[in-house]
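In: using only what follows, build the 3D model:
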Amino acid sequence: MNTLFSSFIQQKTSMEQKTTQYIFPSLFVICCIYILNLQLDFYIEDPAIYGVLSKRILLTGDFSLLILDEKDWLDKPHLPFWITAISFKIFGISSFAYLLPITIALGLTFLYTFKFASQYYNKTIAWFSVCCDQVISAIEG
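Out: Alright, predicted model coming up:
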């Protein structure tokens with residue numbers, strides 16, 4: 001009985017090593033894609049509108065009102081625009097300054113996903129969870 005249990009443990013350890021062998025290169029490639037995307041301009045409508053709202057906050061100094069085309073913008077909470085305006089103030093108004101806070105938030109999401117999964121499961125499941133989280137955010141983003 002003892003040998004059956006020890007062979008099961010060895011198989012499990014071997015499987016975890018094989019899985020981990022593919023997870024790290026995948027994470028590296030996905031992180032490189034995120035970093036390269038910091039240099040791209042965006043061509044879809046929502047980021048452009050959010051960038052204009054953040055730019056207006058920066059230029060007017062009015063952090064309480066979100067105004068677009070002389071109308072109140074009541075669709076979103078203010079915090080993301082404040083963070084983007086602060087990023088614009090530090091790095092200048094650019095695509096990089098707009099995308100940097102988003103990328104940092106994604107990185108923190110991946111970190112906490114890993115910590116949560118490794119605390120309640122194991123490291124292999126944690127790395128797999130981070131990979132799934134990255135793929136989902138890349139598809140939605």
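
In: what about residue 131, which SS state?
Out: helix (DSSP: H, G, I helix; E, B strand; the rest coil).

In: in contact with residue 27, which residues?
Out: 127, 130-131, 134 (CB atoms under 8 Å, 6 or more residues apart in numbering). All C-beta atoms are positioned from the backbone trio N, CA, C, and that covers glycine.

In: repeat that with 10 Å
Out: 110, 114, 127, 130-131, 134 (CB atoms under 10 Å, 6 or more residues apart in numbering).

In: equivalent analysis for residue 29, please.
Out: residue 134.

In: average pLDDT for the host helix or strand of it?
Out: According to DSSP states H and E, residue 29 maps onto helix 2-37. Helix 2-37 carries an average pLDDT of 62.

In: for the contacts of residue 27, give me JSON lines that also has pLDDT, neighbour count and distance to residue 75.
Out: Output for these, formatted as JSON lines (pLDDT from 0 to 100; neighbours: other CB atoms under 10 Å; distance: CB to CB, whole Å):
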{"residue": "110", "pLDDT": "88", "neighbour count": "20", "distance to residue 75": "27"}
{"residue": "114", "pLDDT": "91", "neighbour count": "18", "distance to residue 75": "32"}
{"residue": "127", "pLDDT": "85", "neighbour count": "22", "distance to residue 75": "36"}
{"residue": "130", "pLDDT": "86", "neighbour count": "22", "distance to residue 75": "31"}
{"residue": "131", "pLDDT": "83", "neighbour count": "17", "distance to residue 75": "32"}
{"residue": "134", "pLDDT": "79", "neighbour count": "21", "distance to residue 75": "27"}
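
In: gap between the residue nearest to residue 56 when sequence neighbours are not counted and residue 26?
Out: The shortest distance from residue 56 to any non-neighbouring residue, by CB to CB, 6 or more residues apart in numbering, is to residue 67 (6.5 Å). Remark: distance between residue 67 and residue 26 (CB to CB, to the nearest Å) = 43 Å.

In: could you do residue 52 as well?
Out: 36 Å.

In: want to throw the contacts of residue 27 into a markdown table with distance to residue 103?
Out: Below are these laid out as a markdown table (distance: CB to CB, whole Å):
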| residue | distance to residue 103 |
| --- | --- |
| 110 | 11 |
| 114 | 17 |
| 127 | 20 |
| 130 | 15 |
| 131 | 17 |
| 134 | 12 |
